[in-house]
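Novice: this one's structure only:
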């Protein structure tokens, strides 16, 4: 299983779906970026995962659909509507249909499963919770809803604090806890997503962090930072503003109590190894430009997980003793 | 002022807007066709009026916008959503924006005024009420919501009864009653819309029929029936199924207690005259194929109204006596 935010996680999830039997892969999606806009319930990370796994993603933007058209946005602008969050004509169908079904009382997980089926996605995408959790960011300009910070203000405000409103009361997706307790689970993969706003919300749900720590399967995290920079998005800037060095080592330290293996780009991996954390470090190229890159990283992550499993297995310990 | 449904009324409204100073024209729109679909609040007659008066209408379909695209509908179909009511990509902007503002507590009339302003429409479009009224149709297949009858089932079910749910409790738009009481009102024009489902709902609002009857301004109705057939839509079929002959005369009889002048195509006008109703009959071509046709009919209607006003004026009666 993989824990994922949007674009970086979706790339690795696509790689995993191609080197595994896709129906054996579950991707737990962050939903703390979800928001209500123009009366529509929008789940950006679920959508990025769906479009990526369905082969419908727009690789140029990193969000939305390939070959998208913008007649709705043009008409909305003419009517004086809010246009800071771009909703493509085809993309709108997902938001309208999801919103309609949520209002009718269906759960986000049920709706997501159906949409995935319609889009021909064999991977299981599991929203981290069916209850609303909303990332709020305290900046030098005051408290902001996540999408205001991220899209409307283009991540420009200086970040001072991040909270996940509703997380303490939200029920983690039952399937998430069940999988973490499953003795047959092969691995937990923390995708190269923003740890602060994509992975932390999942871990903030009651019992999830503890379940990851207690999980029998190996836990492998992939660094979203390469040479001090985020591949995409404000991860490095946010870490810096929160007073820590934006580096792979910083991410490894954040995850150290939970993970068995940290996967990073070779130069970063060398530095993380020198930090002598109680974590195996695996060096491999982590930048995913091509489909082959995604598959390569997926294989490397699974291999690292399987090797960690062998090291940790009680039978092997017995052999060694 | 004009009372109007969708396409036929919108054509005459456009003609009127071109032969009058457009800001002096108020079109009262039927809202009993309004419905909620895919979680959106849709007002078909208001939209047809808006698009027609803004020059954005699709003359081929008679609904929706010119040059419309359908990426949303295609994507919705792929997701298994309902596709029997076609919503174009640009058209969606109106529905999303209207729905958002209605949910925020704004009135339909306020929203309509703003949308008209954004679309550069000088004519005032007034929803007949800000309260929901919904046409329900009893057919041989049971009770149907209007759009189910009209669009989903293409007006095929046999009509037995028509009710306007909510009409008795709905407050007519205050501006509508104020105008009908205004001694300076030039005319009330009942557009060539379906009397059963476009004009009747307006008249069913508390006080409106009485206010039209008591109005000092001349009331002129234009026949939506030409030679026993409706120009567009199910008017003739519905009249027939309700047990009356689908003719201009039938429409004139329905309106006879309210109107001063009935305008019909020459052949129809001759037949209506022979019926010796207590109504002036004016013969003029009523089929509006071209913009010139619309303007011609608008002038004819206004002339007929003005002549009726002179006939009815107390000073003129004094001269005659």
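Specialist: Everything's here; your move. Keep in mind that what you see is a predicted model, and the values were worked out from it rather than measured.
Novice: what's the neighbour count on the residue nearest to residue A:188 when sequence neighbours are not counted?
Specialist: Nearest non-adjacent residue to residue A:188, counting by Cβ to Cβ, 6 or more residues apart in numbering or on different chains: residue A:219, 4.4 Å away. Backbone N, C-alpha and C define where each C-beta goes, glycine included. Residue A:219 has 22 neighbours, counted by other Cβ atoms under 10 Å in any protein chain shown.
Novice: Equivalent analysis for the one 10 residues further on, please.
Specialist: When neighbours are defined as other Cβ under 10 Å, residue A:229 has 13 of them.
Novice: what's the distance between it and residue B:60?
Specialist: As for residue A:229, its distance to residue B:60 is 54 Å (criterion: Cβ to Cβ, to the nearest Å).
Novice: Just the residues contacting the helix or strand that contains residue A:268, thanks.
Specialist: Secondary structure assigned from DSSP states H and E places residue A:268 in helix A:266-274. Contacts to helix A:266-274, defined as Cβ atoms under 8 Å, 6 or more residues apart in numbering or on different chains, come from residues A:223, A:225-227, A:247-249, A:252, A:262-264, A:279, A:281-285.
Novice: so what does the helix or strand just after it touch, helix or strand wise?
Specialist: Following helix A:266-274 in sequence order, the next helix or strand is strand A:280-283 (DSSP H and E). For strand A:280-283, the elements it packs on are strand A:261-264, helix A:266-274, helix A:291-312, judged by 3 or more Cβ pairs under 8 Å, 6 or more residues apart in numbering or on different chains; DSSP states H and E.
Novice: Which strands or helices does the shortest one pack on?
Specialist: Packed against strand A:261-264 by the contact rule (3+ Cβ pairs under 8 Å, 6+ apart) you find strand A:219-222, helix A:248-255, helix A:266-274, strand A:280-283, helix A:291-312.
Novice: mind running it again at 6 Å?
Specialist: Packing partners of strand A:261-264 (3 or more Cβ pairs under 6 Å, 6 or more residues apart in numbering or on different chains; DSSP states H and E): strand A:219-222, strand A:280-283, helix A:291-312.
Novice: tell me which strands and helices the first one is in contact with?
Specialist: Put plainly, it is strand A:219-222. In terms of contacts (3+ Cβ pairs under 6 Å, 6+ apart), strand A:219-222 is packed against strand A:188-190, strand A:261-264, helix A:291-312.
Novice: The shortest one pairs with which strands?
Specialist: Going back to what we said before, that points to strand A:188-190. Applying DSSP bridges, strand A:188-190 is found paired with strand A:2-4 (parallel), strand A:219-222 (parallel).
Novice: Report the mean per-residue pLDDT for the next helix or strand after that strand.
Specialist: Note on strand A:188-190: by DSSP H and E, the next helix or strand toward the C-terminus is helix A:200-203. The average pLDDT within helix A:200-203 is 98.
Novice: Show residues contacting helix A:200-203.
Specialist: Helix A:200-203 is contacted from outside by A:3, A:30, A:32, A:128, A:133, A:164, A:209, using Cβ atoms under 6 Å, 6 or more residues apart in numbering or on different chains.
Novice: The residue of the stretch 201-321 of chain A found nearest chain B: neighbour count?
Specialist: Proximity of the stretch 201-321 of chain A to chain B (Cβ to the nearest Cβ) peaks at residue A:291, 23.2 Å away. The tally of other residues near residue A:291 (other Cβ under 10 Å) stands at 12.
Novice: Kindly report the same for residue A:131.
Specialist: Every residue meeting other Cβ under 10 Å relative to residue A:131 is counted, giving 17.
Novice: Okay, and it sits in which element?
Specialist: Using DSSP H and E, no helix or strand contains residue A:131.
Novice: May I ask which of the contacts of helix A:200-203 has the most neighbours?
Specialist: Of the contacts of helix A:200-203, with other Cβ under 10 Å as the count, residue A:30 tops at 31 neighbours.
Novice: OK, contacts around it?
Specialist: For residue A:30, the contacting residues are A:5, A:45, A:198, A:201-202, by Cβ under 6 Å, 6+ apart.
Novice: And it, how far from residue A:196?
Specialist: Per Cβ to Cβ, residue A:30 is found 11 Å from residue A:196.
Novice: for residue A:188, same thing?
Specialist: 19 Å.
Novice: same check, this time on residue A:234
Specialist: For residue A:234 relative to residue A:196 (Cβ to Cβ), the value is 9 Å.
Novice: swap in residue A:14?
Specialist: Taking Cβ to Cβ, one finds residue A:14 at 23 Å from residue A:196.
Novice: residues near residue A:296, how many?
Specialist: Neighbourhood size, residue A:296 [other Cβ under 10 Å]: 17.
Novice: just residue A:313 next, same as before
Specialist: Close neighbours of residue A:313, defined as other Cβ under 10 Å, add up to 12.
Novice: How about residue A:208?
Specialist: Using other Cβ under 10 Å, residue A:208 has 22 neighbouring residues.
Novice: which residues touch it?
Specialist: With contact set as Cβ under 6 Å, 6+ apart, residue A:208 has these partners: residue A:172.
Novice: Return the residues in contact with residue A:307.
Specialist: Contacts for residue A:307 (Cβ under 6 Å, 6+ apart) come out as none.
Novice: how close does it sit to residue A:252?
Specialist: Residue A:307 sits 18 Å away from residue A:252, going by Cβ to Cβ.
Novice: Same question for residue A:9.
Specialist: 17 Å.
Novice: try residue A:281
Specialist: 7 Å.
Novice: try residue A:80
Specialist: Look at residue A:80 and residue A:252: by Cβ to Cβ, they are 48 Å apart.
Novice: now the helices: where do they sit in chain A?
Specialist: A:7-19, A:44-53, A:71-78, A:89-103, A:108-118, A:146-147, A:174-180, A:200-203, A:208-214, A:235-241, A:248-255, A:266-274, A:291-312, A:314-320 (DSSP state H).
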